[in-house]
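*Asks:* predicted coordinates and the sequence they were generated for:
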Amino acid sequence: MAIAPQLLPETPADPLDLEAFRRNGHALVDWIVRYLADLSRHPVGAAVAPGEVRAELPAAAPEAPEPFSAVLADLDRVIRPGLAHWQHPGWFAWFPAMSSPASVLGELAAAGLGVQGMMWATSPALTELESHVLDWLVDLMGLPQRWKTTSAGGGVLTSGASTSTLVALIAARDHCRRRTGADVEQMTVYASGQAHSSVEKGARLAGFTRVRSLAVDQHFAATPEALTEAIKRDRLLGLVPAVVVSALGTTGTTAVDPIGEFGRVADANHLWHHVDAAYAGSAMICEEFRVHLDGIDRAHSYTFNPHKWLATNLDCSVLWVADRTPLNRAMGIEPPYLHNDASRSGHVIDYRNWDISLGRPFRALKLWFVLRAFGAEGLRGLIRRHTQWATELSERIDRHPRLHRIAPTPFALVSFAHTAGSAATLALAQAVNSSGRFLVTVSEIDGRPYLRVAIGATWTTRHDLDRLWACIQEHLATEPPTPREENPWEQ
Ligand code: PLP
C-alpha cells in the first residue's frame with residue numbers, strides 16, 4: 001500500500017507552493033483510495049499497545065521542512081497500524097461513523113476554502129448554504145415546517161449530538177428561568193434511564209443538578225407514566241420541572257421513547273421537549289420510519305447526526321429548534337468587533353448566536369456534496385439496505401436456539417445475547433472480535449451483557465453480513481460447553 005516514492009519530490013518543497021500542493025493532493029487522494037480498497041485485507045481493530053504509536057514518533061517536532069513523501073510514508077508506517085478502521089466493511093461497533101467520497105471531497109473543499117462562518121458577514125455563502133441545506137432536510141425528513149430558517153425556528157450544524165443537546169439544554173434552562181424566575185438548582189430534567197450519557201453530561205454542564213432517570217418498559221423505552229409521576233413528585237418537593245429529553249433511538253438498543261405522549265406531558269407542564277435522534281434521525285429520510293415522529297410538531301428542539309448514518313464525515317450534527325428566539329437569547333453575544341450592518345439589519349442569520357463556539361467551519365459543504373452525489377433516493381436506498389440486512393440478521397438470530405434477541409430492531413442495530421448466560425455471551429463476542437474480520441460492541445443493561453451489531457459502515461455489503469453470521473454460527477457450533485446459567489434476559 002506504500003506510495004511509490006519516485007512519484008513524489010525528494011526534497012521538501014516550499015510549503016506554500018501551489019504546484020507541490022496539487023501533486024501532493026493527488027498523491028494523498030491515491031493513498032486514501034488504496035487505503036479504502038485494501039481495508040478488508042486488514043484486521044478491523046487497532047493492533048497496538050498503549051504508547052506504541054508515540055514511541056514511533058520523534059521526541060521533538062521537525063526543525064527543518066520535510067518532503068510530503070516522508071509524511072505519507074509515516075501515514076502507512078505509524079498511523080495506519082494504530083487505527084481502528086471505522087470504514088472497514090466488517091465494522092459493526094458502536095454506531096457507524098459514515099464517510100463517503102462526496103463527503104471527503106466536501107471536507108477538502110471546506111479546508112481549501114478555509115473560510116470561517118461565525119456570522120453571515122464573514123462568509124455569506126457558508127451561512128446561507130447551511131440554512132438552505134437544513135431547510136431541505138426538514139422537507140426530506142417530513143419534519144415540522146416551523147423548523148425552517150424561513151419560519152420561526154431553524155437548523156444549525158454543530159460538532160456533535162452532545163453539543164447539540166448541551167446547547168438545547170442551555171436554551172431550555174434560560175427559557176425556564178425567564179418564565180418562572182427559578183434558579184437552575186431548582187429545575188429538574190427528565191430523560192430515559194437508557195438516554196445517552198450526553199444528556200446527563202449536557203445537563204451537568206448547563207448547571208442542572210437534578211436529572212431524573214425514567215424507568216423503561218420491556219422494550220427499553222421510557223414510559224409517559226414514569227415521566228408524569230416524576231414531575232408530580234418534584235412539584236410536591238417545590239421544584240421546577242424544566243426539560244424532558246426523549247430518545248428517538250437509544251444508544252443501547254435504539255428504543256424509541258413515546259415522543260407524542262412526552263410532548264403532551266411536556267406541554268401540560270410547560271417543559272421544554274428536546275428529542276435526541278442522534279443515530280436514528282437519518283432514517284427519517286424514508287417515509288416508513290416516520291411513525292416514530294408522531295407528535296414531533298410539539299418538540300422544542302431535535303438533534304440528529306448525519307455523521308453517523310447519512311454518509312457524511314464527522315463532524316456534522318444537526319440541531320433544529322422550533323423557535324430560534326430562546327436559543328439566540330441564550331447563545332447571543334455582541335462584542336464591538338463583531339458589529340456589522342448585516343447583523344444590525346436583522347435580516348441575516350449569525351450562526352455564532354446558535355452554538356457555543358464563535359469560529360465555525362464550513363460543515364454544510366460536505367452535507368451538500370453528499371445530498372447532491374447520492375440524491376435523496378440514494379440516501380433512502382442506503383438506509384433501506386442497512387435496515388433490511390438488520391431484519392435478515394434478526395430473523396437468523398430468532399431462528400437460532402442458542403441466541404436471544406434482547407430488543408426489537410426498528411432500525412439497523414441488532415442487539416442479542418447467548419441463551420446460556422452472560423459468560424457464553426461474552427465468549428461469543430470475544431470470538432467474533434478476535435477474528436479480526438469484524439468488530440461488534442458488548443454493552444450491558446442491568447448488568448446483563450449483550451452484543452450490539454450496528455450495520456451501517458459505508459462499505460459493508462450483504463456479503464459481509466453473511467460472513468459475520470457464518471463466524472457466529474461457527475463459534476456456536478464449536479464452543480466448549482460452558483456451565484449453563486439461566487438466560488438473564490428471560491428472567
Ligand atoms: N445521542 C445518542 C442517542 C447517541 O447514540 C450518541 C452517540 O452515539 C450521542 C447522542 C452523542 O453523539 P456525538 O458523539 O455526536 O456527541
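*Replies:* Looks like it arrived, so ask away.
*Asks:* drop to CA atoms for contacts and neighbour counts, all remaining ones
*Replies:* OK.
*Asks:* quick one: name the residues of this structure near the ligand.
*Replies:* 160-162, 196, 198, 249-251, 276-279 (CA under 6 Å from any ligand atom).
*Asks:* while we're on residue 153, how confident is the model there?
*Replies:* pLDDT for residue 153: 98.
*Asks:* surely it and residue 326 touch.
*Replies:* No - counting by CA atoms under 8 Å, no contact exists between residue 153 and residue 326, whose distance comes to 10.1 Å.
*Asks:* show me the residues of the chain next to the ligand that map onto helices.
*Replies:* 161-162, 198 (DSSP state H).
*Asks:* of these, buried ones?
*Replies:* 161-162, 198 (16 or more other CA atoms under 10 Å).
*Asks:* need the longest helix for the protein.
*Replies:* Secondary structure of the chain per DSSP H: the longest helix is helix 364-399.
*Asks:* where do the strands of this structure begin and end?
*Replies:* 91-92, 154-158, 187-192, 210-214, 240-247, 272-276, 301-304, 317-321, 403-405, 413-418, 439-445, 448-454 (DSSP state E).
*Asks:* now mean neighbour count and distance to residue 144 too, for those strands, in JSON lines please.
*Replies:* Listed next are these as JSON lines, based on neighbours: other CA atoms under 10 Å; distance: least, CA to CA, whole Å:
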{"stretch": "strand 91-92", "mean neighbour count": "28", "distance to residue 144": "32"}
{"stretch": "strand 154-158", "mean neighbour count": "26", "distance to residue 144": "10"}
{"stretch": "strand 187-192", "mean neighbour count": "24", "distance to residue 144": "23"}
{"stretch": "strand 210-214", "mean neighbour count": "19", "distance to residue 144": "27"}
{"stretch": "strand 240-247", "mean neighbour count": "27", "distance to residue 144": "17"}
{"stretch": "strand 272-276", "mean neighbour count": "28", "distance to residue 144": "13"}
{"stretch": "strand 301-304", "mean neighbour count": "29", "distance to residue 144": "11"}
{"stretch": "strand 317-321", "mean neighbour count": "27", "distance to residue 144": "10"}
{"stretch": "strand 403-405", "mean neighbour count": "20", "distance to residue 144": "34"}
{"stretch": "strand 413-418", "mean neighbour count": "27", "distance to residue 144": "27"}
{"stretch": "strand 439-445", "mean neighbour count": "19", "distance to residue 144": "34"}
{"stretch": "strand 448-454", "mean neighbour count": "23", "distance to residue 144": "29"}
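*Asks:* would you turn these into CSV with distance to residue 12?
*Replies:* Output for the strands of the chain, formatted as CSV (distance: least, CA to CA, whole Å):
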stretch, distance to residue 12
strand 91-92, 37
strand 154-158, 37
strand 187-192, 55
strand 210-214, 56
strand 240-247, 52
strand 272-276, 48
strand 301-304, 43
strand 317-321, 38
strand 403-405, 57
strand 413-418, 47
strand 439-445, 39
strand 448-454, 44
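*Asks:* mind checking which of those is nearest residue 100?
*Replies:* strand 91-92 (15.0 Å; CA to CA).
*Asks:* what pairs with that closest one, parallel or antiparallel?
*Replies:* Strand pairing for strand 91-92, determined by DSSP bridges: strand 439-445 (parallel).
*Asks:* pLDDT on the partner strand, on average?
*Replies:* Strand 439-445 shows a mean pLDDT of 98.
*Asks:* run the angle between that strand and strand 413-418 for me.
*Replies:* Strand 439-445 runs at 70 degrees relative to strand 413-418, counting by axes from the mean of the first three to the mean of the last three CA atoms, to 10 degrees.
*Asks:* can you give the distance of strand 439-445 from its chain's centre?
*Replies:* 17 Å (CA atoms, centre = their mean, to the nearest Å).
*Asks:* can you give me the end-to-end span of stretch 354-363?
*Replies:* Length of stretch 354-363, first residue to last, CA to CA, to the nearest Å: 14 Å.
*Asks:* swap in stretch 476-488?
*Replies:* End-to-end distance for stretch 476-488: 18 Å, by CA to CA.
*Asks:* so which bits of it are buried?
*Replies:* 476, 487-488.
*Asks:* let's see which of those residues end up in helices.
*Replies:* Per DSSP H, the buried residues of stretch 476-488 map to helices at residue 476.
*Asks:* let me know the closest of the buried residues of stretch 476-488 to residue 454.
*Replies:* Set against residue 454, the nearest of those by CA to CA is residue 476 (20.5 Å).
*Asks:* against the ligand, how distant is that closest one?
*Replies:* 29 Å (CA to the nearest ligand atom, to the nearest Å).
*Asks:* kindly report the same for residue 381.
*Replies:* Per CA to the nearest ligand atom, residue 381 is found 22 Å from the ligand.
*Asks:* next, count neighbours for that residue.
*Replies:* By the criterion of other CA atoms under 10 Å, residue 381 has 15 neighbours.
*Asks:* ok, it - contacts?
*Replies:* By CA atoms under 8 Å, 6 or more residues apart in numbering, no residues touch residue 381.
*Asks:* what's the spacing between it and residue 374?
*Replies:* 9 Å.
*Asks:* sorry, back to before: now the buried ones among the ones in helices among the residues of the chain next to the ligand in TSV, with pLDDT?
*Replies:* Shown next, in TSV, are those (pLDDT from 0 to 100):
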residue	pLDDT
161	98
162	98
198	97
